[in-house]
Each structure stands twice: as structure tokens, then as C-alpha cells.
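**Q** make a model of this:
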Amino acid sequence: MARVPRFRRPTSDNRKSRLLRLFRAPLSAVRNPPHTVRHPYRSRRTPPTLPLGRTPHPAARALVLAAVAVLGAWLGLVVIGGIHAPVGPMDTRMALRPSLTGGTRINVSPLGDLELRSHHAPVRLDVDVDRLDPGRFQALIDQPARFAGLQAQVTDDVTRSAADLVLHSCVAVAAGATALGLAVYRRPRRALAAGGLALTLLAASGGAAYATWNPDSVLEPKFSGLLSSAPSVVGDARSIVSEFDVYQKELARLVTNVSKLYDATSTLPAYQPDPSTIRVLHVSDIHLNPASWRIIESLVKQYRINVIIDTGDTMDHGSAAENPFLAPVSRLGAPYVWVRGNHDSRTTQKYLTGRPRVTVLDDGRVAQVAGLRIAGVGDPQFTPDRSVVAAGDPAERTAGGRLADSLRTQRLAGKPVDIAIAHNPVAVTEADGLVPLALAGHLHHRERATLPRGTRLMVEGSTGGGGLRAVQNTEPEQVQASVLYLDRKTRLLQAWDEITLDGLGLSRAEVSRHLPQENQPGAGPSPSGSPGPAPGRSGTPSPSPG
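**A** Numbering: from 1, shown residues only. Next comes the predicted model:
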């Protein structure tokens, strides 16, 4: 039988050596942290202890990683994020750009910009139309039949380019964040984490854009530069309501029309309004500015205006010596409907009454012009006459009462009025509920409101830029006018363009298109055919003396 060895108590020397090894083991781990230390009693490997010093808080590390990912993604989008894409006969560059408001910006150089509120996300879509390819466009010129299929081709090009842009942007943000991560951390794992976080942020931004995507944003585009003179880029008012339902298709239509724009090297294409709309040019507060007639004449020709409505203050002092200033009203290319303002005298009104193609409305008189029944009342006050104390708003309401009585009489006779006009908004608000649309001026700035009983009130700014008195101001006043599109059958407002020109000595122009809510796609009919709330201000404006 084999003998079992007996346990030997360690000698004092053995105990001392073991204690020394136990004492030296932690020190060696601190001195050489990457190496593992074998425990004197255990055979398993133990992780090294951390070097001396405090480690960053996890929240701080995460914050730094997020900052690296965002900055790297931004750099990637700016440096390599864009793509060159042929769209029809045009060469374009598309790119996603960081933005606080989102949206889409289309740059048609050198004509100007088109801005659309297409989405709300921290990225903006930029489309730059670089040039017209001579070869592709010459093919269209040689075979005009190709223009019929150009929009379908452009739609396919935009779809393909958008897919390429998404993939290219993913690569750009990942590469940018990873490169910056390597420069900051100098560790591949952290750099890859930054790249992955950047892709996640881009995906989240894409999700936000998809969730807030508004394909109807092309219904209210904002133009700048020379494009403000070419509203044909987005079509006419009626086609907006019936055709503008897919953003992608409208971008294709835009590029198609831009191709035609480039073909006209010296002149912009004429605006092609829908035959089913009546186009009204609303002007006000010209105040003896001779440049206004040239502006009005140009708008009449370009938009093919059916009737001009002037809501008063055409003069400054209402004297007979100023009457020759009114001579061009008969040569503007469209019938001229006018009401007296507080700077227009009875002498002014008498002079205009005898002019060809001019209709003067006062005391609730109703006239039918260009298929519209229009009623108006002149301003009861003539402020240049300092011998008479101004009666204020009570006098305006009295005049508005005469206008309201006329509207009721016409309605009872089965001949409802389409538009009521006055110079002061206080007077025309008395027509609330008796007419779909009311026009006024006097305030020298635009106001849009839906009155309590459903009448839409549109107050125009100064088409004369405040008149010649504006040169006394530190900054010139803007020149403003609006083109209103009314349905030929219902006589209801379908859309309107707001034209704004910088004042004296400046040259910037801007056109923005607006639609009533009830005319936007998906909106139900408003009750009793009354106009719904207008976008922008609501309530009754409080006028100030003009």
C-alpha cells in the first residue's frame, strides 16, 4: 500500500518568500499594466489594474463622441456630400446640408433662388442648376416632339439622383466622422463608433424629414432674384390646385421649365395663366410715384391681368395741378377700377370719372367689370384739407354702412357682389358676411384677415413705395402689389401672388404664392361657400393714418 505523503508545515524561510511575492505582485502590476500577473496561489490570469489617475465620466465620454460624430458628419457632407446629376438637359448638383429649419433650396443661376418649406429636419436639400448641356438641349431643339416626354424623363432622373444622393450622403457622413474620430482618439474602435453614430444621426434626420414631408410646399414657393419675374416656373393658379400633388413631379416640372428659360437668352418667358381664372391686380397708395405706372403696366402685360383695382390714395394733395399724373391710367392695358382715398379729393374723382376704361366707385355703387361685380365706397375724409377736423373711424364706419346697405340690396335682388372695396379697412369691414372678398389699402403694409362672418379681407401695401415722400425716410419703403386669381364660375379666390420690390435705388424683387386653406389639396369645402381662414394674420386690422 503506497504511503500518503504527510503535509509539511512550511519553514520560516518559505513563509518569508511567499510574503515577499504577495507584496511584489501588485507593484509589478502597476509598473507593467499591460502584462498579467500570475497569483502565487492561483493559476488563473487576473486583469491588470488601471494606471494611476482618474478616468473620464461615461456621460462626458458620450458627449465628446457625439460632438465628434456631428462635426465629422457635417464636414463629410460639406466636403464630399454633393453629387453631380444630369436632370433632363440640365447639369445639376445636389447635396444635403446641415440646417436648423430644413426645407429645399433650388438655385437656378443666374436667375435666382426658389425656396420651399418641404420638411422640418436638421438637413436641407440644395439643388444647384449648373448649366444647360448644349448637346442634350440641341437634341430637343432638333426634335421638338421630345418636349412632350421631357417631364417623365426628368422625373426618372430626379428619382435616380435622389437615391444616389442618399447613398452618397451616408458614405460622406460615415467617412467624415470616422476620419475625425481617428484624428481625435487615435483608436480604430472609437473612430468606428463615431462613424456609426453619424450614420444613426443621418437616419434620424431622414426619419424626421419623412415624418414632416410636405409635398404641397410647392404651392407656396418663395422666389428671389430674376425668378421673381417668372412665375411660370411653377405654373398657374388653377393648375396648382389640380396638379401639384407630388413634390417629385413638381421638381421635374420646375427643371423642365428652367430648360425653356435658358433657351430664352435675353427675355424671360411670358406667364401663361389658366384661362379659367380671372386675374385681378390689386394696387393701392401710389402717392404720386410716377414709377408705379411702369410697374403696373409690366405686371398687366406679364400676368395678363383682366382688371386693375386701385383702393385709393393715388394722389398726395388732391389738387387739380396733380391731375395730369393720372393720364396713364387709360393706357395700362386693362380696365381700371378706383375708389377715393383720404389723399384724393372730389376734384381727383371728377377727373378720373371721365377717363376711358376707368370705373369710379362711390357711395356703394356697383359695376360689372371683367365678369366681376364690384362695389365700392370712397373715403369720407380728405386729410390734406386742414380746415376740416378729421372725423376718424366713426366717419369710416358710416361710409361702410352705405356700402353694406348696397350689398344687401344687391343680394336681395339676386345679384350678389363678388368684391367690395374701400380705402380704409375700417370702412370695408362693415361688409363682413355680405361679400366673399373685401379689398383695402391705407396702411402702407399688407394685412390678410378672415373677418368673423367669413369675408376675406386683403389690405395691400403701397404700390408707390410711400410715394415721393418716401425719400425723406432713412430707408426706402417697399413697393407692393398683389395678383389675385378668382374662379371664373364661382368668383371665389383661388390663389394670390404677392409681389414685393425694394424701394427707391434698390433692385431686389420677390414673389410669393399663397393659397387659401380650403383650396389646398386635402382640404374640405368651407361652410356655405364662404372663404376659410387665410394663412398669416387673422382678426380685424387696426389702421393707422396713411
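
**Q** can you list the domains in this structure?
**A** Taking automatic domain parsing as the domain assignment, the ranges for the chain are 58-231, 277-520.

**Q** buried ones in stretch 287-304?
**A** 287-289, 292-293, 295-297, 299-300, 302-304 (16 or more other CB atoms under 10 Å). C-betas here are computed from N, CA, C, even on glycine.

**Q** please convert the residues you listed to CSV, extending it with distance to P416 and secondary structure.
**A** What follows is the buried residues of stretch 287-304, written out as CSV (distance: CB to CB, whole Å; DSSP: H, G, I helix; E, B strand; the rest coil):
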residue, distance to P416, secondary structure
H287, 33, coil
L288, 36, coil
N289, 35, coil
S292, 32, helix
W293, 33, helix
I295, 33, helix
I296, 29, helix
E297, 32, helix
L299, 28, helix
V300, 27, helix
Q302, 31, helix
Y303, 26, helix
R304, 26, coil
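
**Q** just put those residues in a markdown table and tack on distance to H423 and pLDDT.
**A** What follows is those, written out as a markdown table (distance: CB to CB, whole Å; pLDDT from 0 to 100):
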| residue | distance to H423 | pLDDT |
| --- | --- | --- |
| H287 | 12 | 90 |
| L288 | 16 | 88 |
| N289 | 17 | 84 |
| S292 | 16 | 85 |
| W293 | 19 | 89 |
| I295 | 20 | 83 |
| I296 | 18 | 88 |
| E297 | 23 | 87 |
| L299 | 21 | 85 |
| V300 | 22 | 88 |
| Q302 | 27 | 79 |
| Y303 | 24 | 83 |
| R304 | 27 | 86 |
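
**Q** hmm, back to that, check the domains of the chain for me and report the most buried one.
**A** Stretch with highest mean neighbour count among the domains of the chain: domain 277-520 (a mean of 20; mean count of other CB atoms under 10 Å).

**Q** gap between G401 and H423?
**A** According to CB to CB, to the nearest Å, G401 stands 16 Å off from H423.

**Q** got any ranges where the stretch 151-300 of the chain has weak pLDDT?
**A** Residues of the stretch 151-300 of the chain meeting the criterion pLDDT under 70: 151-155, 216-221, 223-275.

**Q** show me where it has strands.
**A** For the stretch 151-300 of the chain, the strands defined by DSSP state E, counting those that start in this stretch cover 222-225, 277-283.

**Q** and the longest one, what other elements does it pack with?
**A** In other words, strand 277-283. Applying 3 or more CB pairs under 8 Å, 6 or more residues apart in numbering; DSSP states H and E, one finds that strand 277-283 contacts helix 291-303, strand 307-310, strand 479-487.

**Q** quick one, the longest one and strand 277-283 angle?
**A** With axes from the mean of the first three to the mean of the last three CA atoms, to 10 degrees as the basis, helix 291-303 and strand 277-283 are set at 170 degrees to each other.

**Q** can you check the last one too?
**A** Using the same axes, to 10 degrees, the direction of strand 479-487 lies 160 degrees away from that of strand 277-283.

**Q** note down every partner strand of strand 479-487 and its orientation.
**A** Each strand paired with strand 479-487, and its direction, by DSSP bridges: strand 277-283 (antiparallel), strand 493-501 (antiparallel).

**Q** export the last one as CSV, just CAs?
**A** Okay, so that is strand 493-501. Provided in CSV are the C-alpha atoms of strand 493-501 (Å, rounded to 0.1, in the frame of the first residue of the first chain):
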residue,chain,number,x,y,z
LEU,A,493,-60.4,83.4,-54.6
GLN,A,494,-58.3,80.5,-55.7
ALA,A,495,-54.8,81.9,-55.0
TRP,A,496,-52.8,85.0,-55.0
ASP,A,497,-49.2,86.2,-55.7
GLU,A,498,-47.6,88.8,-53.5
ILE,A,499,-45.1,91.0,-55.5
THR,A,500,-42.6,92.9,-53.4
LEU,A,501,-40.0,95.2,-54.9
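
**Q** how much does whatever helix or strand comes next after that strand deviate in direction from strand 493-501?
**A** Using DSSP states H and E, the next helix or strand after strand 493-501 towards the C-terminus is strand 509-514. Comparing the axes of strand 509-514 and strand 493-501 via the same axes, to 10 degrees yields an angle of 160 degrees.

**Q** returning to what we had before: including distance to R408, could the buried residues of stretch 287-304 go into CSV?
**A** Below are these laid out as CSV (distance: CB to CB, whole Å):
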residue, distance to R408
H287, 34
L288, 36
N289, 37
S292, 35
W293, 36
I295, 37
I296, 33
E297, 37
L299, 34
V300, 33
Q302, 38
Y303, 33
R304, 34
